[in-house]
Every structure is written in C-alpha cells, then in structure tokens.
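Peer 1: no sequence on this one, just coordinates:
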Ligand SMILES: Nc1ncnc2c1ncn2[C@@H]1O[C@H](COP(=O)(O)OP(=O)(O)OP(=O)(O)O)[C@@H](O)[C@H]1O
C-alpha cells in the first residue's frame, strides 16, 4: 500500500512536470488515465485498455522517461501494462485468454479525428462520424460509411471508437472486420461456443464492423449478425458499419439487413480533391517526420488521385529512397524514385479517354465535343472536358487546346476558370465534374 502511494505521488509529480512539455490534450487523453505502481524497483503504469497502453508505448514512453530523469528519479525500468482501475500489476497478456479477440480494444490509436484531414469529399462523413462518437446522441444509429477503396472509411470508423474510449475508457468497443466476424463464428460453431460468441457481441457498448460487403452470400453469418445488430440497436448501443459501395448494390446481402442499415444514416466518402490530397500528404509526412516540400506533395497528389493508401505508399517509398541515398526530397527526386508507380497513373488518364468519357456521359457525339459549335449544351461539356484534362493530365494548356480541335491556350484557360466558378455556384455542374473525375480515375 505504501509503495502504491509512493508510486502515485511520483506519478503525479511526473504529470505536473510533463504538462509543461506536452499538449494538454495528450496529457488528459493518454496520461491521466494511467495508474502508477512500483514493482521490484520498476515503475508500472497501468492503462485502462490497450488503446491507451499502445499509444503510451508508441508515443509517450520517451517523454515520460525524460521527465523522470529530469526530476532525478530513475526507476529500474518502466512498463506500460493494461489493468488500470484495479491497482493490479497483471500484464496485458494476463487477460482471459479464451475471450473472443474483439473484446480487446483492437483499435489503431493513429486513426483519430485529429489525424483525419477534412475536405469536401469527406466532410459529411466526418461530421456524421463525430456525431456517432457523441455518447449522448444516438439519433443516427447505425452509421454506415460507404465508398471506394482506401478513402478513409476505416480511419473514420476507428476514430469513432477511439473518441468513445477517450471519453469513456471502460466502454466495451470492438472493431471487427466482417471477414473476422465470419471466421470467429465458424470457430465458435466448431467448438460449440456459440452462446459465448453471441453473448460477447451482444454485451458491447459499440460495435464497429468493417467491410460488410464480405457478408455477401454467407447466410449463417448474416443471420447471426442480423440478431446481434437488432439486439444492439434495441438497447441503443452504437453501431458503425462500412461498405465498399452502397449496400443496396451488394448482391448476396439479405434484404432485411439492407433495410436495417437504412434505419440510421448512410454517408459516402468520395475520392479527395487535389487540395485535400496535398493536405493529407503533408499531414502524413509531418506525422512520420518526413520533410516534404509542398511542391513535391502537389506533384505526387496531382498524379495519385483515387486512393489515399497509394498516396501513403508513395510517401513511404520516398522516405526509404531518400534515407538510403541520403538525398533531400525534391520534385526531380520524386520523379525518379516513383517513376514506375507514376507511370501507371499517367497511363490511366489521357486526353482521348477524357473526351470519350465526357461525350458518353453527356450522350453527345465526340465530333461535336471537338468541333466548332458553341451552343451551351455542347460548349459546357467541352469546357468541363478541358478542365478535367488540366487537372488530371500533365498536358500544358497549349497541348490541351491542340487536342481539343486546335484551340488556343487562352480558350483552355477560360474554360478552367469558368468551370471553377460554376462548380462553386451550380450544384449540377459540380456533381457532373465529380462524377466524371471519379469515372476517369477509379
Ligand atoms: N482524409 C484523410 N485524412 C488522413 N488520412 C486518410 C484520409 N483518408 C484516408 N486516409 C488514410 O488512408 C489510408 C487508407 O484509409 P482506410 O484504411 O481508412 O481506407 P478504407 O476506405 O477503409 O479502405 P478499404 O475499403 O480498403 O478498407 C489510411 O492510412 C488512412 O489513415
């Protein structure tokens, strides 16, 4: 008892010391929930759950050690363990081994609202997710986030879980991929443990279930999920779901499930626009301690358009190449280091397929799109096509003008400005542009 008191006193002093060095948010979120204990000359910091433990291990162990050393306190070792609230030194591995894996708070501490870059393409989804993370607001339950690959659905969903846990560290929040849910269920059936499986999922405060398109065709899993789902909804527990498309379009998914999903709120994440892609790159670079000049971020984001995961991949490749060669990251360096990846993207969008796609979209003839007629029904799609060419290819204004029936570069410039203006004032034009951009880049 005396040791615990000493440890707590030391820890409180350490917190006071560290408060002057770390953002208040980090101290409140990650460090205050810890309880301190001495164990054989070492300091054990007990975290209420694995999210907190992992975050402290990853990001905060060094500041803690530095603070203690600056205070002249040198414990033999520092351990961060799960087990807060009980003043026990049981390590994380001493949790009931047979519990289904999702009982552990298997959230990734990096996926938070704070690290999520907002843009036009995701602002509604983000706002809805923030609401879903508000324990007092169950208006939109379940929340369904849908959209293409690598656009931040999992990031947003886990942000909901991390926020819920930050506000209520004892909450039972489980993140599970649908594939994992199915596998767990199969194992439970095989070992005659269905009751436990059901009990576990129905006892949660929040269930985050990723990629439900994977349930397609798996009838027994859908059945079980349906019951879990109903039971959680009835007691107002939080459910967040993601899907790679609007669930009504997923073949092999039962109608009753689809209809349940629509009880709450469905929001889409779209591919981010150029400025958001640049902001994401800069923010990820900052997070990973990579010095990335803005012009390089623009250079890459202009080419890698449809998938944020690929943007991150490009960033990691750049970092590795720069480290190996000891070269600073410049546009020329990026061109070389990423040439194969960029070549794939450059191949995807050509002037010809922009023209063909726009003509098909507006159900008009290609010859009209490239011809001289100036009626609005023809001139507007032409302007959109030119603006898309400017955004999605590396062609210069004169080259684009040339490709559009030998027009002057000032005509292309005018088209780009006009489309920019229209996108801000005319929702139809904005939607057409976004649709075309998605068709061309996905
Ligand atoms: N707006 C954003 N801000 C910051 N990071 C983002 C954003 N959008 C996506 N990312 C990052 O891109 C990567 C892929 O995102 P995520 O895994 O959430 O995509 P997803 O939509 O769930 O994809 P999938 O359908 O393949 O599961 C993650 O590392 C995520 O942090």
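Peer 2: Nice, I can see it. Since this is a predicted model, take the numbers as computed values, not measurements.
Peer 1: C-alpha only now, for contacts and for neighbours.
Peer 2: Noted.
Peer 1: and this structure, which residues reach the ligand?
Peer 2: On the criterion CA under 6 Å from any ligand atom, the ligand has as its neighbours in the chain the residues 115-118, 148-155, 244, 280, 308-309.
Peer 1: Among those residues, which ones are in helices?
Peer 2: 153, 154, 155, 280, 308, 309 (DSSP state H).
Peer 1: can you list the domain ranges for this protein.
Peer 2: Residue ranges for each domain of the chain read 2-94, 103-269, 274-346, 351-441, as given by automatic domain parsing.
Peer 1: And for stretch 198-213, what's in contact with it?
Peer 2: Residues outside stretch 198-213 that contact it (CA atoms under 8 Å, 6 or more residues apart in numbering) are 100, 103, 154, 157-158, 161, 171-178, 228, 231-232, 237-245, 247, 250, 253.
Peer 1: as a whole number, average confidence for the helix or strand harbouring residue 402?
Peer 2: Secondary structure from DSSP states H and E places residue 402 in helix 397-403. Across helix 397-403, pLDDT averages out at 94.
Peer 1: who does it touch, helix- and strand-wise?
Peer 2: helix 376-392, helix 409-425 (3 or more CA pairs under 8 Å, 6 or more residues apart in numbering; DSSP states H and E).
Peer 1: Where do the strands of this protein begin and end?
Peer 2: All strands of the chain, identified by DSSP state E, fall at 35-39, 42-47, 78-82, 143-147, 173-177, 206-210, 238-243, 265-269.
Peer 1: average model confidence for the third one?
Peer 2: Mean pLDDT, strand 78-82: 87.
Peer 1: Which strands or helices does it pack on?
Peer 2: Applying 3+ CA pairs under 8 Å, 6+ apart, we find strand 78-82 packed against strand 42-47, helix 50-55.
Peer 1: List the neighbouring strands of the first one plus their orientation.
Peer 2: According to DSSP bridges, the neighbouring strands of strand 42-47, each with its direction, are strand 35-39 (antiparallel), strand 78-82 (parallel).
Peer 1: what's the closest of those strands to residue 431?
Peer 2: Across the strands paired with strand 42-47, residue 431 has its closest neighbour in strand 78-82 (48.6 Å, CA to CA).
Peer 1: That closest one: how far from the chain's middle?
Peer 2: 28 Å (CA atoms, centre = their mean, to the nearest Å).
Peer 1: Repeat that for stretch 177-189.
Peer 2: 24 Å.
Peer 1: Just give me the closest of the ones in helices among the residues of the chain next to the ligand to residue 437.
Peer 2: Nearest to residue 437 among these, counting by CA to CA, is residue 308 at 15.4 Å.
Peer 1: got the contact list for the closest one?
Peer 2: Listed by CA under 8 Å, 6+ apart, the contact set of residue 308 reads 150, 151, 152, 277.
Peer 1: Where is pLDDT lowest across those residues?
Peer 2: For the contacts of residue 308, the pLDDT minimum is residue 150, 89.
Peer 1: Look at it and say how many residues are nearby.
Peer 2: The local packing of residue 150 (other CA atoms under 10 Å) involves 16 other residues.
Peer 1: now swap in residue 391 and tell me
Peer 2: Residue 391 has 16 neighbours, counted by other CA under 10 Å.
Peer 1: Over to the one 5 residues further on?
Peer 2: Taking other CA under 10 Å as the neighbour definition, residue 396 ends up with a count of 13.
Peer 1: Likewise for residue 67?
Peer 2: Other residues close to residue 67 by other CA under 10 Å number 21.
Peer 1: repeat for residue 340
Peer 2: Residues near residue 340, counting by other CA under 10 Å, number 11.
Peer 1: Same question for residue 230.
Peer 2: Look at residue 230: counted by other CA under 10 Å, it has 16 neighbours.
Peer 1: For it, which residues are in contact?
Peer 2: Residue 230 neighbours (CA under 8 Å, 6+ apart): none.
Peer 1: any idea how far it is from residue 237?
Peer 2: Separation of residue 230 from residue 237 (CA to CA, to the nearest Å): 10 Å.
Peer 1: quick revisit: please identify the most buried of the domains of the chain.
Peer 2: Burial of the domains of the chain is given as mean neighbour count (mean count of other CA atoms under 10 Å); domain 103-269 ranks first at a mean of 19.
Peer 1: just how off-centre is it within its chain?
Peer 2: 14 Å.
Peer 1: if you skip the residues just before and after it, what's nearest to residue 384?
Peer 2: By the measure of CA to CA, 6 or more residues apart in numbering, the closest residue to residue 384 outside its immediate chain neighbours is residue 419, 6.3 Å from it.
Peer 1: Can you give me the first-to-last residue distance of stretch 189-203?
Peer 2: With CA to CA as the measure, stretch 189-203 spans 19 Å from end to end.
Peer 1: Next: stretch 239-251.
Peer 2: Length of stretch 239-251, first residue to last, CA to CA: 22 Å.
Peer 1: where in this structure is pLDDT low?
Peer 2: For the chain, applying pLDDT under 70 flags the ranges 1-6, 72, 84-105, 347, 442.
Peer 1: Out of the ones in helices among the residues of the chain next to the ligand, which two sit at the greatest distance?
Peer 2: Farthest pair in these (CA to CA) is 154 and 280. Separation: 15.6 Å.
Peer 1: Closest one of the contacts of residue 308 to residue 351?
Peer 2: So of these, ranked by how close each gets to residue 351 (CA to CA), first place is residue 277, at 22.3 Å.
Peer 1: so that closest one touches residue 303, yeah?
Peer 2: No - judged on CA atoms under 8 Å, residue 277 makes no contact with residue 303 at a distance of 10.2 Å.
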